[in-house]
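Have a look; sequence and predicted model below, questions after that.
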Amino acid sequence: MFSNRMVNLLIPIISVVLGLLSGAIIMLVFGYNPIAGFGALWNGAFGDAYFLGETIRQVTPYILSGLAVAFALRSGLLNIGVEGQVFVGWLASVWIGVAFELPMIIHLPLAIIAAALAGAFWGFIPGILKAKLGVHEVIVTIMMNYIALYVCNSFVRNVITDGADRTDNIAATASLQSEWLAGLTFYSRIHYGFILAIFMALVMWFVLNRTTRGFELRSVGFNQHASRYAGMNVSKNIILAMVISGAFAGLAGAMEGLGTFGFMSIKSGFTNIGFDGIAVALLGANTALGVVLAAFLFGTLKIGALNMPTEAGVPTELVEIIIALIIFFVASSYMIRWVILRFKKEGK
Amino acid sequence: MEFIDILSRILGSAILFASPLIFTALGGVFSERSGVINIGLEGLMVMGAFIGVVFNLTFYETFGSFTPWMSIFVAMAGSAIFALVHALASITFRADQVVSGVAINFLALGIGLFLTKQWYDKGQTDIISRPFYSMDIPVLSKIPIIGDLFFTGWYLTSYLAIFLAFVAWFFIYKTPFGLRLRSVGEHPMASDTNGINVYKMRYIGVMISGALGGLGGSVYALTIALNFSHATIVGQGFMSLAAVIFGKWHPLGALGAAIFFGFAQSLSIVSSDIALLENVPQIFLLIAPYVLTILALAGFIGRAEAPRSLGEAYVKGNR
C-alpha cells in the first residue's frame, strides 16, 4: 500500500498539513479564530484579480530561488548562498537596465543574461573552493551572502549612483513589466517573469533528466566516489552545479530588478528570497515540478498573510512560524517515515 | 597620551562588539565538538535577545538593578530549552543538521516577532530602561596605561565572556566530560562501545550551545541594541559560527576569532576617528571578517580539522 515513492510524496503533504495545523493551534491559543484567520489568508491570496496577480508575482522569484537550491542539492551541495546570488543578480540586471539604451530585443535579454552570469559567478567561488580545496560550501556561501549585501549596497551608492540610496528606474526596454497583465489584475505588480520562471523549471527538468551532463550531476550527488570510479570528473561537476545553481538564483534577482521593482535600493538586511528558496526546494523534494508547487504554496502564504491583520487581527508573522515548522517537519521526515511504516506494518 | 586614548577607545568598542560573539561561539564549540552542526546559532541568539528584552521590560521594577543579570539568566534558560528543538530534530529524528538549523533560525525570528506584535502591538519593543552600563573597575583602572586599556569603560559582561572562554577550555580539554564530548564528535561508535551515551552527550552539547547562544543574544540586546525588532540580531550568529571555524573548534581559538570579528565590526564604526583608516572605503572594513573567514577556511591561514563526525546522525547499530 505504501510504496517508497508514495512515502516520498506523502512526506511534503503531511509536513504542510502539520505546519498549517500548528498555525491553527497557535491561533487558538492566542484567542483567534483559525477559520477566520485562514479565510483571511485565502482571500488575501486569491480574493480578487489584484491579489492573484500579487501572489503570482511573489511566486515568480520563489520558483527560481527554489530551483537554485534544488539543483545544487541534486548534486549533493547545499547552497545557502542563494540569497547573495539573488543580490548580485538583481544588481547586475538593474545596472544593465539603467546604463544602456538599446532596443528591447537586445536590452532585455542582455539584462537577464547579466543577472544569470553574476549569480553564476557568485556560485562559482564556493564551487571552486569546494572542488579544489574541499572547503565546506555551507559556510562559504553564508559568508558570500554578507559580502554580496555590502558590496551591492556600496555599488548602488558609489558606482551606479552618486551617493543616492536607490538607482534610477531601468529603461522601459529592459523591463519585464506589462501594462496588459497589470491592467488585467487591477494594477498588481505581476510581470512576464513568471513565464521565464516556468520555462527555467522545464530547463532544469530537462537538463537533469534528459542529458548526460545531468546524469553525471545527479550521480555525483548520489555518490562521489562511485562517480569518480566510473570516470566522471567530480570536481568539474561540483563547480558546474554551483555555477548553474547560482545562475538560477541570479535570475530570481532579475525578477525583482526587472519585474517587480524596476530599480535597486540600499538594503539594510536580506530579502529572504534565497532563504525561502531553501524551504521551497526542501518541500518540493528537489524536483522541478515540486519546486513550482512549493513556490506556489509559500507565495500564497506570504501574500495571503498580509491580509490577516486587517481581516482577522492575526499578526502576519504567524506565517513565518508556519513556514519554519513546515521546514522542520520536512527535515525530520525520519519521524514521519517511521510513523507511516508503523501503520504499514499494522495494516499487514 | 593621545595614542593610548585612541587605542583604549578601539579596544573598548572591539570588546563590546566581541562579547556576544564570544558567548555564542563558545556555544557553537560545545555543539560542534559533540558532532552537531549548529547553523541555528543565529536563531538561538534571536531567542536570547527576545527573552532578555521582554524579561527586562516586564520585571525591571521588581528586580531593580539586578534586572539585567536576571534577564540574561532567564534568556540562557529559555534558549537552552529552545535548542531542544534542534537537538530533537538532528539527533533523535536524524534530520539534516544544516536544514534543522535553518528551520531554527526561521522559527526563532517568527516566534519573536509574532509575540512582539502580540504583546506590544507593534513591530519592535520599547527601549529597555535597565541595560548594562559600562564602568571603571575600582583600583585597577588607576594603573597607568593598563588601567586605561583594560579596566576603564568596559562592561562586566565582557570580562565574563573572556572568563567563560577559559572555563570552556578547561571543561572541554581537562575534564572527563570534555573527553566524552569530543570523542562523541570524533567517533561516536567507538564512544558507544566504551559505554558513553552518544545521544545524551550530543543533547548536552546542543543545550549548552543554546544556553550560551541565548546569553550572547541577550548580552547583545542589553548592551548594544537595547530593544528587540527584526533587525536586532542580523548575522551575529553566523559570525559566531565563523568564529568557531576560524578558531578551529577550540574555545580559546573561538575567543580570539570573536575578538577579531568584534574588532573588525567596531572598525567600520570608529574608523572616522582614526587618521590611518579615514581613507579606506568603508566597504572593505565591512566585508573584511567574511572574506577572512573564507580565506581561513581555504587553508590560507592554517588548516583546521573539523570534528570527524560533524554533521552525521548517529544511528545505533549501523556500521
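Perfect, I can see it now. Numbers count the residues shown, from 1 in each chain, chains lettered A, B, ... in the order given.

tell me the secondary structure for A:Arg189?
Judged by DSSP: H, G, I helix; E, B strand; the rest coil, the three-state class of A:Arg189 is coil.

Just the pLDDT at it, thanks.
Note on A:Arg189: pLDDT of 90.

how about it, what does it touch?
A:Gly53, A:Glu54, A:Arg57, A:Gln177, A:Ala182, A:Gly259, A:Thr260 (C-beta atoms under 8 Å, 6 or more residues apart in numbering or on different chains). For glycine as for every other residue, the C-beta is placed from the backbone atoms N, C-alpha and C.

Next one: the last one from chain B, what distance?
Just to be clear, that refers to A:Thr260. From A:Thr260 across to chain B, the span is 21 Å (C-beta to the nearest C-beta, to the nearest Å).

Give me the phi and psi for the nearest residue to that residue once chain neighbours are set aside.
Of all residues not flanking A:Thr260 in the chain, A:Arg189 sits nearest, at 5.3 Å (C-beta to C-beta, 6 or more residues apart in numbering or on different chains). Backbone torsions of A:Arg189, given as degrees, to the nearest 10, read phi -100, psi 20.

Who are the packing partners of the helix or strand where A:Ile327 lies?
Per DSSP states H and E, A:Ile327 falls inside helix A:318-331. Other helices and strands packing on helix A:318-331, by 3 or more C-beta pairs under 8 Å, 6 or more residues apart in numbering or on different chains; DSSP states H and E, are helix A:4-29, helix A:273-283, helix A:288-305, helix B:97-120.

Can you check what angle separates the helix or strand following that helix from helix A:318-331?
Proceeding C-terminally, helix A:318-331 gives way to helix A:333-347 as the next helix or strand, assigned by DSSP H and E. Relative orientation of helix A:333-347 with respect to helix A:318-331: 60 degrees, computed using axes from the mean of the first three to the mean of the last three C-alpha atoms, to 10 degrees.

picking that back up, to A:Val98, which of the helices and strands packed on helix A:318-331 lies closest?
Closest to A:Val98 of these is helix A:273-283 (C-beta to C-beta; 21.0 Å).

name the helices or strands packed onto the closest one?
Against helix A:273-283 (3+ C-beta pairs under 8 Å, 6+ apart) you get helix A:4-29, helix A:49-74, helix A:82-99, helix A:234-254, helix A:288-305, helix A:318-331, helix B:97-120.

about what we covered before: CA atoms of the helix holding A:Ile327 as CSV?
Extracted in CSV, the C-alpha atoms of helix A:318-331 (Å, rounded to 0.1, in the frame of the first residue of the first chain):
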residue,chain,number,x,y,z
LEU,A,318,2.3,33.8,12.1
VAL,A,319,3.1,32.7,8.6
GLU,A,320,6.8,32.8,9.2
ILE,A,321,6.3,30.4,12.1
ILE,A,322,4.2,28.1,9.9
ILE,A,323,6.9,28.1,7.2
ALA,A,324,9.6,27.4,9.7
LEU,A,325,7.6,24.5,11.1
ILE,A,326,7.0,23.1,7.6
ILE,A,327,10.8,23.0,7.0
PHE,A,328,11.2,21.5,10.4
PHE,A,329,8.8,18.7,9.6
VAL,A,330,10.3,18.0,6.2
ALA,A,331,13.8,17.9,7.8
